[in-house]
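[1] sequence and computational prediction follow.
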Amino acid sequence: MRQELNMVLDPSEAYNEEILKKIIAQKFAVDESEIMIRIIRRSIDARHPNIKVNLSLEVFIDETPASRIGEFRYQDVFSKKEVIIVGSGPAGLFAALKLIETGFRPIILERGKDVANRKKDVAGISRDHLVNPDSNYCFGEGGAGIFSDGKLYTRSKKRGNTRRILEIFFHHGADESILFESHPHIGTDKLPDVIKNIRNTILNCGGKIFFNSLVTDLIIENEQVKGVVTREGEKYFSDAVILATGHSARDIYFMLKRKKIFLQAKDFAMGVRVEHEQNLINSIQYHGAKYNKMMPAASYTLAEQIFGRGVFSFCMCPGGFIVPSATSQDEIVVNGMSTSKRNSPYANSGIVVEVKQQDVYEYSDYEELAGLMFQQNLERNAFNQSSKDQKAPAQRLSDFLNGKISASLPKSSYFPGTTSSPIHSWLPGFMVKSLQFGFIAFDKKMKGFINNDVIILGVESRTSSPVRIPRNPETLQHIQIKGLYPCGEGSGYAGGIVSSAIDGENCAEKIRLVI
């Protein structure tokens, strides 16, 4: 017998499987050995001091539950028609899986390395302060998301089947909790293994993956894509190319512009990354209640309109670390990540300001790429504020608000180290004012958010692409070049792992209908 059950419990009950099973057995007047429990949905209600957990459950009494996920028909495609995918982030990988399901052979070209060798280059940024421009926190197998917690929460419900994306991750080794947590995440310690399993599925079905293969040109005849060319001069041919290079692949935008392929400028966001002690965030968000170690590290989502601009938190990492995400040696870019346990003593988040087209007017000579140049220039300014290595310019939040240089800095999770910098003096004026008023507004929502031990690091700049590669909304092909499918964050049509994965699947599905 199967029963559905909704319950509201204390965290000590909801997060303790043994206690939970005992409560449910008593409710149905059966022995604990007779039941199996499957969580459908779990979320914390921390709006009041008496914190509760909302649970939706399936209870099976003397019955074995069926699999909670559907089947995926990954077929043999060794001899099938080939489709080229540029990039192996979530958009590229999920496009490849979908192509296999629909009977096409994906050929993935990735500028970076496989995840195991990529880890070595990532470690080298902190250890040796050296950035490999093709293998770093942004480029390589798994894309940028692999080293940023593996957050799977998305508001993009209308773009496609988010549940299916979660099931595919679970099928490839992610923890079952991603299927029922309200804010699912895999963890940067576990996501690499999941990505390797996805790679194995692609290869075992006949797909091909070429690492260290930077695409530098498109082969186009009569406004129809015919293939791509790599840095080594190798050519790969197909009538369908999925361009899933991510929002940090500036060289791709410049290549498209050089070929007079239509691009569009778009608004984006930049700012700083703020870091608190996780215990402080727990205390604020859980209203000073005694922290139950079974509860997740508290997070937050903040947003305000300041002077007509959005100021908001981005990629909040409870129990996390700040990491160096530059793609060039002469830049400083910061981002955040967490492991699956989210047990670091620090909490960090990007706090960013909306950047509009009028803000980048001084780069207007670059036309559609003006925002890209604005972004790059600010990252280089951050580098010049450091000791010409990957140490990040940093400032106490209270000093930033008061326009003072920090005489000393609190400890930070940022691996390469920090150097005191008057961030208020070199960030653009509109950004400084918006951040200052934004922080004050956030402190009213989360009393204690501002204090002398809070640190900000610059710059948080890779929140989204400043460029959109326009495409036909019906076919998802570029509006000018047939067979070219701009996809994922780099196309300007997605933001985050799940929405990028959905976009990859959508592009693959459109290809099935055309070729």
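    Cool, got the structure.

[2] wait, a helix at Ser398?
    Yes: residue state for Ser398 (DSSP: H, G, I helix; E, B strand; the rest coil) corresponds to a helix.

[3] quick check: the closest residue to it other than its chain neighbours vs Pro345, distance?
    Nearest non-adjacent residue to Ser398, counting by CB to CB, 6 or more residues apart in numbering: Asn452, 4.9 Å away. For glycine as for every other residue, the C-beta is placed from the backbone atoms N, C-alpha and C. Relative to Pro345, Asn452 is positioned 17 Å away (CB to CB, to the nearest Å).

[4] can you check Ala508 too?
    Ala508 sits 42 Å away from Pro345, going by CB to CB.

[5] of the two, who's got more company?
    Shown here are Ala508 and Pro345; by other CB atoms under 10 Å, Ala508 has more neighbours (28 against 11).

[6] isn't Glu176 right next to Phe170, touching?
    Yes: the pair Glu176 / Phe170 is scored as a contact, 6.2 Å apart, by CB atoms under 8 Å.

[7] so between the two, which is more surrounded?
    The neighbour count for Glu176 versus Phe170, taken as other CB under 10 Å, is higher for Phe170 (19 against 12).

[8] mind listing what's buried along whatever helix or strand that one lives in?
    Here Phe170 sits within helix 162-171, counting by DSSP states H and E. Residues of helix 162-171 classed as buried: 162, 164-171 (neighbour count, 16 or more other CB atoms under 10 Å).

[9] please apply the same query to stretch 255-275.
    For stretch 255-275, the neighbour count (16+ other CB under 10 Å) marks 256-257, 261, 263, 265-266, 268-275 as buried.

[10] among the buried residues of helix 162-171, which two are most distant?
    Thr162 and His171 (15.0 Å; CB to CB).

[11] what's the lowest-mean-pLDDT helix or strand in the chain in contact with?
    Taking mean pLDDT, DSSP states H and E as the measure, the helix or strand of the chain with the lowest value is helix 11-14, at a mean of 92. By CB atoms under 8 Å, 6 or more residues apart in numbering, the residues outside helix 11-14 that reach it are 7, 19-20, 23, 42, 44, 51-53, 55, 292, 294-295.

[12] tell me which entries of the residues you listed lie within helices.
    19-20, 23 (DSSP state H).

[13] ok, back up a step: next structured bit after the helix holding Phe170?
    Scanning forward in sequence from helix 162-171 by DSSP H and E, the next helix or strand is helix 191-204.

[14] now do the very next helix or strand once past that next one: which elements does it pack against?
    Later in the chain than helix 191-204, the nearest helix or strand by DSSP H and E is strand 208-210. Strand 208-210 sits against strand 105-109, helix 191-204, with contacts defined as 3 or more CB pairs under 8 Å, 6 or more residues apart in numbering; DSSP states H and E.

[15] quick one: strands adjacent to strand 208-210?
    Each strand paired with strand 208-210, and its direction, by DSSP bridges: strand 105-109 (parallel).

[16] show me what secondary structure element comes after the partner strand.
    As assigned by DSSP H and E, the chain's next helix or strand after strand 105-109 is helix 115-128.

[17] and the helix or strand where Ala441 lies, which residues are buried?
    Element membership of Ala441 [criterion: DSSP H and E] is helix 429-445. For helix 429-445, burial by neighbour count (16+ other CB under 10 Å) applies to 430-439, 441-442.

[18] which of those residues sits closest to Leu378?
    Nearest to Leu378 out of the buried residues of helix 429-445 is Met431 (CB to CB; 8.7 Å).

[19] for the residue lying closest to that closest one once chain neighbours are set aside, give me its contacts.
    Among residues not flanking Met431 along the chain, Val353 sits closest, at 4.9 Å (CB to CB, 6+ apart). Val353 makes contacts with 269-271, 306, 309-311, 430-431, 434-435, 438, as judged by CB under 8 Å, 6+ apart.

[20] Val353 - that's part of a helix, no?
    No: read with three-state DSSP, Val353 is strand and lies in no helix.

[21] could you measure from Ala298 over to Val323?
    Ala298 is 21 Å from Val323, where distance means CB to CB.

[22] ok, Glu221 next?
    In this structure, Glu221 and Val323 are 42 Å apart, going by CB to CB.

[23] more neighbours, these two?
    Shown here are Glu221 and Val323; by other CB under 10 Å, Val323 has more neighbours (24 against 8).

[24] I figured that one hits Gly336, correct?
    Yes: contact status for Val323 versus Gly336: in contact at 6.9 Å, counting by CB under 8 Å.

[25] could the buried residues of helix 429-445 go into TSV alongside distance to Ser248?
    Shown next, in TSV, are the buried residues of helix 429-445 (distance: CB to CB, whole Å):
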residue	distance to Ser248
Phe430	24
Met431	20
Val432	25
Lys433	27
Ser434	24
Leu435	23
Gln436	28
Phe437	29
Gly438	25
Phe439	27
Ala441	30
Phe442	27
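
[26] low pLDDT regions in the stretch 201-350 of the chain?
    By pLDDT under 70, the weakly predicted segments of the stretch 201-350 of the chain are 289-292.

[27] please, where are all the helices along it?
    250-258, 278-285 (DSSP state H, counting those that start in this stretch).

[28] now tabulate those helices in TSV and tack on distance to Ala66.
    Output for those, formatted as TSV (distance: least, CB to CB, whole Å):
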stretch	distance to Ala66
helix 250-258	44
helix 278-285	37
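
[29] which one, of those, ends up nearest to Val467?
    If you check each of these against Val467 by CB to CB, helix 250-258 wins as the nearest, at 5.3 Å.

[30] which other residues reach the closest one?
    Residues contacting helix 250-258 (CB under 8 Å, 6+ apart): 86, 214-218, 243, 245, 263, 327, 367-369, 372, 376, 467, 469, 490.

[31] alpha carbons of that helix, as CSV, please.
    What follows is helix 250-258, C-alpha atoms only, in CSV (Å, rounded to 0.1, in the frame of the first residue of the first chain):
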residue,chain,number,x,y,z
ARG,A,250,35.6,36.1,-25.1
ASP,A,251,37.6,34.8,-28.0
ILE,A,252,34.4,33.2,-29.5
TYR,A,253,32.6,36.5,-29.4
PHE,A,254,35.5,38.2,-31.2
MET,A,255,35.6,35.4,-33.8
LEU,A,256,31.9,35.8,-34.5
LYS,A,257,32.3,39.6,-34.8
ARG,A,258,35.2,39.2,-37.1
